[in-house]
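Visitor: Need the 3D shape of this:
(chains A and B)
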Number of protein chains: 2
Amino acid sequence: MPNEALERSRIHNVAIVGAGAAGLGCAVALGEFGVDDVVILDRHEVGASFRRWPQEMRFITPSFTSNAFGLLDLNAIVPGTSPAYTLASEHPSGVAYATYLDNVAQYFELQVKTGIDVCSVAVEANGTFTLTTTGRPVRAQHVIWAAGEFQYPNRNSFVGAEFCRHSSEVRTWQDLEGDQFTVIGGYESAADAAVSLVQLEKSVTVLARDATWNSEHPDPSISLTPFSLERLAWADSTGSVNLFGDVDITSVRVDGDRWLLHASDGRRWASETRPILATGFEGSLGRLDGLLEYDEDDILVVTEEADESTLAPGLFISGPILEHRGVNFCFIYKFRQRFAVIADAIAQRLGLDTTEAVAARRAAGMYLDDVTCCEESCAC
Amino acid sequence: MPNEALERSRIHNVAIVGAGAAGLGCAVALGEFGVDDVVILDRHEVGASFRRWPQEMRFITPSFTSNAFGLLDLNAIVPGTSPAYTLASEHPSGVAYATYLDNVAQYFELQVKTGIDVCSVAVEANGTFTLTTTGRPVRAQHVIWAAGEFQYPNRNSFVGAEFCRHSSEVRTWQDLEGDQFTVIGGYESAADAAVSLVQLEKSVTVLARDATWNSEHPDPSISLTPFSLERLAWADSTGSVNLFGDVDITSVRVDGDRWLLHASDGRRWASETRPILATGFEGSLGRLDGLLEYDEDDILVVTEEADESTLAPGLFISGPILEHRGVNFCFIYKFRQRFAVIADAIAQRLGLDTTEAVAARRAAGMYLDDVTCCEESCAC
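Guide: Prediction:
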């Protein structure tokens, strides 16, 4: 057989889509569980999403070198590593974090193929997967979808959203001309946009469905993180930011040289500059149409045993999109605890004994198999 | 018997000296282990040391609301609590943290007696302890010494140290007159002093034995924390700070209206303002003379089983002074893991079954009984 045909017929043990925090983290876990022939595909390069963050953006979860006392750096994706140590930084920038990911990929000799966009995934009659890509098709017995969210912004939240600028398109807030800005959204990316603009001495109006800055919910996936709360409080103290909660924007239209924003309760705002959409991300799961189940609230359904598709066994989901029993896994320190759960499932199906690897990961605080445990509450 | 005599003859199960992070943390642990009649003595009030921090000083370990995923807030002293949540702050000030400690004392109904300074501790013939205090003597079967360090500064590091101002005496850096300052020391309190002064647009010379800012050691008890490294890098970038490593100051003397500093290698510096001693703390263990053993390097020796005095059984030490096998426990997230180890030892001696309490604390990441595990290393 010619090489090309050989390659075409080869079925990898695992294909991982996405060379970000989740993809690399799963790959290292698979290695620990003895699974070889793992290929990672990314349409750009390692840590691509992080490299595209606005220059001013920082991690909202603090990194700290507390590994040795059983408290793994919140932003580490592998036990025994620490972005705080590698980067000498507590709130790394996206570019800095990508350096950490590069280090992980090199240290663990991960097989990353860059510049390959996976367009769709099909299940063959024998249960294996064929990934249609911008290069050759890739075949695998198991697929871990870890393509992240950041590069798949949510732009369809209301009529006229196309007239706005999504926060993820901003490379640096210094690029934006004008003095007065309007930010639509109330979560982390909205707080980041507002703070970054105030730091540039702009004035900012924030229009949010929920006044997250007043939330007392202890889960940082629902409330703002302490980092953002403190930065937003600083921005507020300058007098340059106006925060509005309970605002449900229903349309934006252009009127001459300004933008008019309408809310569901009849309130209106005018913006001198293109409104900034900080409405988050819809993720990349659209590319898996037909292979995934969603509940009545449009929440992704995966198995509690291994974050596996209920429709296409062998297809696993890793990353911030995960949700179990109402608890959102949209932080690295949350979703990383499922890497080894997926690795365990795959290794067992390949006939490997995983007892020791599970014990090691559990000891490292990187094996969360009981998803009922994670509701947040604080006595004080 | 009159009440006073009754009180005098009463022997508490446990007397804890110090109502700070360590003292309160041990008290809550004792409660969980079923030990009652625990009295906490403090010469000031709950969290007194934290209340005396310079206004500008912040926690160098970041707090985060990650409890529910098995990652207890680094600055929490009790499982299920989070300063990040209570204070909506990542790097709390000393005053803010004292509020958290107050909440803990109230929530767990701890018996704290304030305004009582313990001057010395004596062992009675029957093995119980009598604490001589500024009030009545207090008697107890077990003593946990948790008096901390911050209020016991190290002022005797060289000739003429008395001409300097110790960093812990500063209530706010705004109080200091002058434009040029000299800081002696290279660890966290030196970095904090330098950064705080540069923020006030002063220029600062830092004279340190070790250039901690260049250290690559992964243990934050040896290197500077990421928080301090980043702040010091910022201060350095302003051009207002001069960092000197390998400087062993041997004397300071006053010469007219300036201070002359001499180093062991012959180098000299002159300071226009009273030099700032950021040489750390010697702690309060001097009050336990004769009851504690020290090794040839003058490091406190306690048992690995329960941080207990090797000379006076029943006397336990808790807090940042702890050191085991060369690993320093001088962060809350480190020394808190020994609270329950002490509580376990005391509970067992009182005949209590501790199996369940140990398991619960272990699951919470607050029971470190193997001190060999804590050497830091990072792959990347």
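
Visitor: Can you name the residue of the stretch 201-350 of chain A nearest to chain B?
Guide: With Cβ to the nearest Cβ as the measure, A:Pro226 is the residue of the stretch 201-350 of chain A nearest to chain B, at 4.0 Å. In short, each C-beta sits where N, CA and C put it, glycine included.

Visitor: Quick check: A:Val143 vs B:Leu291, distance?
Guide: Separation of A:Val143 from B:Leu291 (Cβ to Cβ, to the nearest Å): 64 Å.

Visitor: Might you report the residue contacts of the residue of the stretch 201-350 of chain A closest to chain B?
Guide: Shown in contact with A:Pro226 (Cβ atoms under 8 Å, 6 or more residues apart in numbering or on different chains): B:Ser63, B:Phe64, B:Thr65, B:Ala84, B:Leu87, B:Ala88, B:Ser89, B:Glu90.

Visitor: Keep these, but drop any that are not near chain A.
Guide: B:Ser63, B:Phe64, B:Thr65, B:Ala84, B:Leu87, B:Ala88, B:Ser89, B:Glu90 (Cβ under 8 Å from any Cβ of the partner chain).

Visitor: now those residues: which count as buried?
Guide: Buried members of these, scored by 16 or more other Cβ atoms under 10 Å in any protein chain shown, are B:Ser63, B:Phe64, B:Thr65, B:Ala84, B:Leu87, B:Ala88, B:Ser89, B:Glu90.

Visitor: My read is that A:Trp173 contacts A:Ala193, right?
Guide: Yes: between A:Trp173 and A:Ala193 a contact is recorded at 7.4 Å, counting by Cβ atoms under 8 Å.

Visitor: Count the residues that sit near the residue of the stretch 1-150 of chain A found nearest chain B.
Guide: Using Cβ to the nearest Cβ, the single residue of the stretch 1-150 of chain A nearest to chain B is A:Pro62, 3.4 Å away. Neighbours of A:Pro62 under the rule other Cβ atoms under 10 Å in any protein chain shown: 28.

Visitor: hang on, the earlier thing: looking at A:Val143 and B:Leu291, which is more packed in?
Guide: Applying other Cβ under 10 Å to A:Val143 and B:Leu291 shows that A:Val143 carries more neighbours, namely 29 against 19.

Visitor: Tell me the helices and strands packed up against the helix or strand that contains the more buried one.
Guide: In this structure, A:Val143 sits in strand A:138-145 according to DSSP states H and E. When contacts are defined as 3 or more Cβ pairs under 8 Å, 6 or more residues apart in numbering or on different chains; DSSP states H and E, strand A:138-145 packs onto strand A:11-17, strand A:38-42, strand A:118-123, strand A:129-133, strand A:315-317, helix A:339-349.

Visitor: Please look at A:Ala98 and A:Gly47 and confirm they touch.
Guide: Yes: counting by Cβ under 8 Å, A:Gly47 is a contact partner of A:Ala98 at 3.1 Å.

Visitor: residue contacts, the residue of the stretch 1-150 of chain A closest to chain B?
Guide: Taking Cβ under 8 Å, 6+ apart as the test, what A:Pro62 contacts is A:Leu74, A:Glu90, A:His91, A:Phe227, B:Pro62, B:Phe64, B:Glu90.

Visitor: quick one, domains of chain A?
Guide: A:3-151+A:282-373, A:161-277 (automatic domain parsing).

Visitor: Out of the ones you listed, which one sits most buried?
Guide: domain A:3-151+A:282-373 (a mean of 20; mean count of other Cβ atoms under 10 Å in any protein chain shown).

Visitor: where exactly do the strands run in the stretch 201-350 of chain A?
Guide: With DSSP state E, counting those that start in this stretch, the ranges of strands along the stretch 201-350 of chain A come out as A:203-207, A:241-244, A:249-255, A:258-263, A:268-271, A:276-277, A:293-294, A:300-301, A:315-317, A:323-324, A:327-328.
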